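A.B. asks: Below are the sequence and a predicted model for it; my questions follow.
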Amino acid sequence: MNCIDEFVVVNFLSDDEIEIGTTKRADRVHILDLPAHFDRASSFLAVRSRREEKRLPSKLPIVDISLLSVFIFPTGESAILKEYIDDFSISNGENALEYLITHVSKKSGFDRIEELWEREGRFESKIISNALLTRASVTRIEEKENKVMGKRVTKLSNVFGDNGTLSQILKGYEARMPQMDMAGCVSDALVNDRVQFIEADTGTGKSIGYLVPLLLAIRDNDSKAIISTKTKVLQDQLIDKDIPIVKDAIGNTSNLKIHLLKGRSNYLCLLKAMNSMNEGRQIGLEGDVSSQMWLAFLERWLSDTKDGDIQSINERARDYIDVNKLRFLTSSKEDCIGRYCPFKDRCFLLKERQEARNSDLLVVNHSLLLSEHVMRSDTDDLCILPPADYLVVDEAHRFADVAMSTLGHDISYKESKNFINSLAIFDEKTGRSKGIMSECFLSIFGKDAKKLTRESERFDTVLKRILEREDTLFRGIEGENTAPWKVQYNDMAEELELTLKECIDIMINIEGKLDDKIENEVNTENDVVLLLRVKNVIEKLDNWAECLHLLINGEDNVWVKYIEWREGEPSLHIRKIDIAEDISDIFDSYRSVILTSATLNINSSFSFVTSQLGLDRWEEDRKARLGFSILPPVFNYSKQALFLIPSDIEEYHYEEWGYERYITSISRILTSLISKVHRKTLVLFTSYRDMNAVLSNVENEGYNISVQGKDGNAQEVIAKFRGTGSNVAFGVKSLWEGIDLPGSSLEILIIVKLPFDNPRNPLTNKLNSLKGFGNYMLPRMILDLKQGIGRLIRKLDDKGIVLCLDNRVLKKSYGNVVIHSLPEGMGVKVARWKKCLRTIEDFFKE
């Protein structure tokens, strides 16, 4: 095929046949015939992913549009680009490539990239340069919102009413009484300095509901506020969508400064990045291609990023480059040399801190808020959150969980190994030392270098032995939920602590010698920088020593110790059982606090949430600040939804014989439902074990199912499910909350098991044994169940079925608690499965 065009687009029709061509001409070709059919001299093939590239014969000139987009848009993609790539076809494939090339604002890194790709045989280096010469303009069309910047708005009704400013800004906006109630409740709490809990049902519009009175208070009272969330999804929604809408709606907000602030580990350290790139350049292009590709991407990303946030990386980069390497180049307290850093004037973290100080409204996550609160009690110098008048805690049902994790202690084997190795690696042959203290070791700390190397190696060996022998150190007593886990210690833990203390003593000795050198001799700035690094290292080691001390001496009724394995890497976790006293006074730091979620109450009581946060222990005068509101539901659940429970479902058994029968029963129900009711169905499991067991049975029937883990992470699975990729999705814990599937995107929600925490988890087991099933595991399950059910009805015209396949609702005494926790008005029906199936079919015929 002789093509005069620069770009020839590939579309896969089947495993063996493809379509190639341009907007002017297209041919169907068998893949094996492609080399003979395609004229390499005049054009190249364009594919949209590495997977497609691997399906084509080798030694063809191929360009991967996704890979090209990674280098042209290293910090993310425009909406129009994503649309092009997702619908990359003969008709618009050329435009996609032209769009990519047209919007190259900087050519930084392209020479290196061409060289690398030519070495790897991906395509000829002329492609990029030729493409740059043949680019075509692409018109970008955006809808312009009708913005209302009229007179100053002072009353909530002027914003939320039928003819209010929101109705003029948002197409299809309908005034919702619960949203107006929420705004009024928040406004009242801000005026009266209250700590207000507000449960607002799905569909209320919580964010807009609290943002309007909050921004009015900030604007009119010259105040400052902080909004804290659990998830990045909500943070992005607030910054990119909701806050701009509210600013337009209330008017006169052009001077308000809004900023999203993250923890320091999210921001790239320029000193680390430059050191990494210098090391990479020394290796040269003769080194590993993947490493050099990573280096080229890092250079390109640095030329484009404005804030150094490693989360802003183009999501497609992960398919080609190990972007996890960025985690080792982020800012850390241990490595920061502050004002002595040559990049201090360009430091991303310092810029973010300055933005935070100057902002009227900050959006943060729970972890940052809580860690800052704890840090503030020690020293204000390290804090990056400025004081504020108001605090809004959104997704408040997860606040206590995040607090327990934030206030705990952790030692990761991988992290500790990397850190210890970075201290001093002494080479006996050369007599030289590499690491954080390498400069000083060469002159006066040679003996300490050798000793520190020996101790760090010993620490590494002992820690690895401990983490690999979990059965020896952490032995749980099997049995009922009330059985506490017992932790058995041996000499290894004490040896580890002694080794760490020896490392600390060495570092303190180094610190003293360096202090004397600086005080008594002519010193350089390097000496001061080195002393600062040594002090930071000592503090890090002290924190580890405290963790090990708690491991050995921490009382079992105060601390829980356990080991967790993730991706083959072990880590030690120590959690304080009762964190209420540590966090309850956080609410005294603000004039007013709003805590909101769709799931805060259980049977009209907020006692579980308040006890988790320690507010039940407040003195009576402090309790007078507390307020509680449950807003009426937005939806008519009696007409829009139905809760079904098959009475003939098998009971769950851990034992193999009963487990297989249970899985067969679940699989039978799902198979019959999928085959007869063709509706978008989300199946929520509580464990990967159950999900994979059911999947192996259902997949044999040939159904197309999106599966969390197998087909990507939660976001990727939902994206596929939301489109035309599949009618059924299987997911676990992370799909129980935080996803939005309105209308026909989700019509049947299946709860395979009630979402109890795993009783064999040591933390759950200990808390359950101390507080009791009814005061811990049961209320946590109820809140999680409400979150899961909240995925179904998202709009006023939605209809859907909740199918619960857990017969404990029928057989256990707490079944009534489950039924009473369902959304107000939602009908409940119990029947044998065949009748349930007919009910589902009839429900969607109405």
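C.D. replies: That came through, no problem. Please read these numbers as outputs of a predicted model, since none were measured by experiment. Numbers count the residues shown, from 1 in each chain.

A.B. asks: all strands for the stretch 601-750 of the chain, in order.
C.D. replies: Applying DSSP state E, counting those that start in this stretch to the stretch 601-750 of the chain gives strands spanning 626-630, 641-646, 681-684, 705-707, 728-731, 748-751.

A.B. asks: cool, the stretch 301-450 of the chain as well?
C.D. replies: In the stretch 301-450 of the chain, the segments counted as strands under DSSP E, counting those that start in this stretch are 361-365, 390-394, 409-412, 425-427, 432-434.

A.B. asks: okay, the strands of the stretch 601-750 of the chain in CSV with distance to residue 798 next?
C.D. replies: All C-beta spots, glycine's among them, are computed from the backbone N, C-alpha and C. Formatted as CSV, the strands of the stretch 601-750 of the chain follow (distance: least, C-beta to C-beta, whole Å):
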stretch, distance to residue 798
strand 626-630, 22
strand 641-646, 8
strand 681-684, 13
strand 705-707, 21
strand 728-731, 17
strand 748-751, 11
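
A.B. asks: could you redo those as a markdown table and give each row mean neighbour count and distance to residue 212?
C.D. replies: As requested, these are exported to a markdown table (neighbours: other C-beta atoms under 10 Å; distance: least, C-beta to C-beta, whole Å):
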| stretch | mean neighbour count | distance to residue 212 |
| --- | --- | --- |
| strand 626-630 | 17 | 16 |
| strand 641-646 | 22 | 29 |
| strand 681-684 | 25 | 32 |
| strand 705-707 | 22 | 37 |
| strand 728-731 | 25 | 34 |
| strand 748-751 | 23 | 31 |
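
A.B. asks: Select from those strands the stretch with the lowest mean pLDDT.
C.D. replies: If you rank these by mean pLDDT, strand 705-707 sits at the bottom with a mean of 91.

A.B. asks: on contacts alone, who are the packing partners of it?
C.D. replies: helix 688-699, helix 714-722, strand 728-731 (3 or more C-beta pairs under 8 Å, 6 or more residues apart in numbering; DSSP states H and E).

A.B. asks: That strand pairs with which strands, and in what direction?
C.D. replies: Counting by DSSP bridges, the strands paired with strand 705-707 are strand 728-731 (parallel).

A.B. asks: Run through who's touching the partner strand.
C.D. replies: Outside strand 728-731, the residues within contact range by C-beta atoms under 8 Å, 6 or more residues apart in numbering are 674, 680-685, 691, 694-695, 703-708, 714, 717-718, 720-721, 735.

A.B. asks: what's the answer for stretch 785-792, then?
C.D. replies: The contact list for stretch 785-792 (C-beta under 8 Å, 6+ apart) reads 201-202, 397, 598-599, 641, 682, 684, 735-737, 739, 741, 746, 749, 751, 754-755, 798, 800, 802, 818, 821-823.

A.B. asks: any low-confidence regions in the stretch 401-550 of the chain?
C.D. replies: Within the stretch 401-550 of the chain, the segments meeting pLDDT under 70 span 420-450, 453, 465-494, 514, 517-529.

A.B. asks: Ok, which of the strands of the stretch 601-750 of the chain comes nearest residue 34?
C.D. replies: strand 705-707 (31.0 Å; C-beta to C-beta).

A.B. asks: what about the stretch 551-700 of the chain, any weak spots by pLDDT?
C.D. replies: For the stretch 551-700 of the chain, the stretches with pLDDT under 70 are 566-568.

A.B. asks: re the thing from before, just the helices and strands packed on strand 705-707: most buried one?
C.D. replies: strand 728-731 (a mean of 25; mean count of other C-beta atoms under 10 Å).

A.B. asks: closest to residue 760 out of the strands of the stretch 301-450 of the chain?
C.D. replies: Of all those, strand 409-412 sits nearest to residue 760, with 20.4 Å by C-beta to C-beta.

A.B. asks: who does that closest one pair up with?
C.D. replies: strand 569-576 (antiparallel).

A.B. asks: what domains does the record give for this protein?
C.D. replies: Domain ranges of the chain: 7-133, 177-261+359-407+582-634, 265-348, 409-576, 637-845, per automatic domain parsing.

A.B. asks: what about the third one, distance to the chain center?
C.D. replies: Centroid separation between domain 265-348 and its chain, computed with C-alpha atoms, centre = their mean, to the nearest Å, is 21 Å.

A.B. asks: got the end-to-end distance for that domain?
C.D. replies: 11 Å (C-alpha to C-alpha, to the nearest Å).

A.B. asks: now swap in stretch 304-324 and tell me
C.D. replies: Chord length of stretch 304-324, first to last residue, is 19 Å (C-alpha to C-alpha).

A.B. asks: swap in stretch 370-384?
C.D. replies: OK, stretch 370-384 end separation, C-alpha to C-alpha: 12 Å.

A.B. asks: can you check stretch 167-179 too?
C.D. replies: Start and end residues of stretch 167-179 are separated by 14 Å (C-alpha to C-alpha).

A.B. asks: Residue 516 and residue 535, how far apart?
C.D. replies: Relative to residue 535, residue 516 is positioned 15 Å away (C-beta to C-beta, to the nearest Å).

A.B. asks: Looking at the two, which is more packed in?
C.D. replies: Between residue 516 and residue 535, residue 535 has the larger neighbour count (other C-beta atoms under 10 Å), namely 15 against 11.

A.B. asks: tell me the phi and psi of the residue nearest to the more buried one when sequence neighbours are not counted?
C.D. replies: Closest residue to residue 535 apart from its sequence neighbours, by C-beta to C-beta, 6 or more residues apart in numbering: residue 511 at 6.6 Å. Backbone geometry at residue 511, expressed as degrees, to the nearest 10, gives phi -60, psi -40.

A.B. asks: could you list every residue that touches residue 795?
C.D. replies: 203, 742-743.

A.B. asks: who wins for most neighbours among these?
C.D. replies: Using other C-beta under 10 Å as the neighbour criterion, residue 203 leads the contacts of residue 795 with 20 neighbours.

A.B. asks: For that one, give me phi and psi.
C.D. replies: Dihedral pair for residue 203: phi 90, psi -10, per degrees, to the nearest 10.

A.B. asks: helices and strands around the helix or strand hosting residue 842, which ones?
C.D. replies: Take DSSP states H and E as the rule and residue 842 turns out to sit in helix 833-845. Applying 3+ C-beta pairs under 8 Å, 6+ apart, we find helix 833-845 packed against strand 641-646, helix 656-676, strand 800-804, strand 827-831.

A.B. asks: 7 Å instead, please
C.D. replies: Counting contacts by 3 or more C-beta pairs under 7 Å, 6 or more residues apart in numbering; DSSP states H and E, helix 833-845 packs against strand 641-646, helix 656-676.

A.B. asks: how big is the angle separating the last one from helix 833-845?
C.D. replies: For helix 656-676 against helix 833-845, the angle between stretch directions is 30 degrees (axes from the mean of the first three to the mean of the last three C-alpha atoms, to 10 degrees).

A.B. asks: Can you name every helix or strand that helix 656-676 contacts?
C.D. replies: Against helix 656-676 (3+ C-beta pairs under 7 Å, 6+ apart) you get helix 688-699, helix 833-845.
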